[in-house]
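In: My questions are about this predicted structure, shown below with the sequence.
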Amino acid sequence: GWFWNDATAAQSGLIVPVSIAAGDKRRENGGLYGGSISYAFSERTQFGAALSENLTPSSAGTLSKTDSVGAILSHEFSERLTGRLGAGYARTTFPTALTSRSNSNLLQGQVGVSYLLAERWKLEAGYQYSRAQYSQNSTEPKSNLIFVSIAYNWPGASFTGWVGRPA
């Protein structure tokens, strides 16, 4: 795809990480991309990867561009137990910044399991590590997340099948 951005700031301010003044004009254009691939190594082992570039506009006239890549490997150990391993990277830039090109990087990794407790009940558990880097700040925030959840798959019609459908 392709994008064009033509924005004029209505008032002055500091929209982190960009300082803008009333009347500032910003123009930017360029290509966008996205795609994914999946591959089944066997009936029980699958691999998936995705690559994309996305834009996020703001009402202040700034525009952020995020390039991301991610991959996940899952394996069904039994009819009830499935494991997964994944990683992702995202780089966000602010191409419409007048004074400096600011960016941030986010790195994530995860490992998890799903266990089918009964026909409609599933137990999930996992760990996720995240680390961010910012060009305007020397700190590198990190997080460690451990989660456990129980899900119930309601029988019958799908929720999305009747939401938003005209009466």
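Out: Everything's here; your move.

In: where does this protein dip in pLDDT?
Out: The chain contains residues with pLDDT under 70 at 5-27, 58-62, 95-101, 156-167.

In: let's see it at 50
Out: Low-confidence segments of the chain, defined by pLDDT under 50, are located at 14-17, 98-99.

In: Count the residues that sit near residue 144.
Out: Using other Cβ atoms under 10 Å as the criterion, residue 144 is surrounded by 8 other residues. Just so you know, the C-beta spots here come from the backbone N, C-alpha and C atoms, and that holds for glycine as well.

In: From the contact counts, what lies against the strand or helix carrying it?
Out: Remark: residue 144 resides in strand 142-152, with elements defined by DSSP states H and E. Other helices and strands packing on strand 142-152, by 3 or more Cβ pairs under 8 Å, 6 or more residues apart in numbering; DSSP states H and E, are strand 121-134.

In: try 10 Å this time
Out: Under the contact criterion of 3 or more Cβ pairs under 10 Å, 6 or more residues apart in numbering; DSSP states H and E, strand 142-152 touches strand 103-116, strand 121-134.

In: Next, the buried residues of the last one.
Out: The neighbour-count criterion (16 or more other Cβ atoms under 10 Å) identifies 122, 126, 128, 132, 134 as the buried residues of strand 121-134.

In: contacting residues around the last one?
Out: Each residue near residue 134 by Cβ atoms under 10 Å, 6 or more residues apart in numbering is listed here: 17, 92, 102-106, 140-141.

In: Now list the buried members of the residues you listed.
Out: Burial by neighbour count, judged by 16+ other Cβ under 10 Å, picks out 17, 92, 102-104, 106 from the contacts of residue 134.

In: ok, back up a step: may I see the contacts of residue 134 arranged in CSV, with distance to residue 39 as well?
Out: Conversion of the contacts of residue 134 to CSV gives the following (distance: Cβ to Cβ, whole Å):
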residue, distance to residue 39
17, 39
92, 28
102, 36
103, 31
104, 31
105, 27
106, 25
140, 33
141, 34
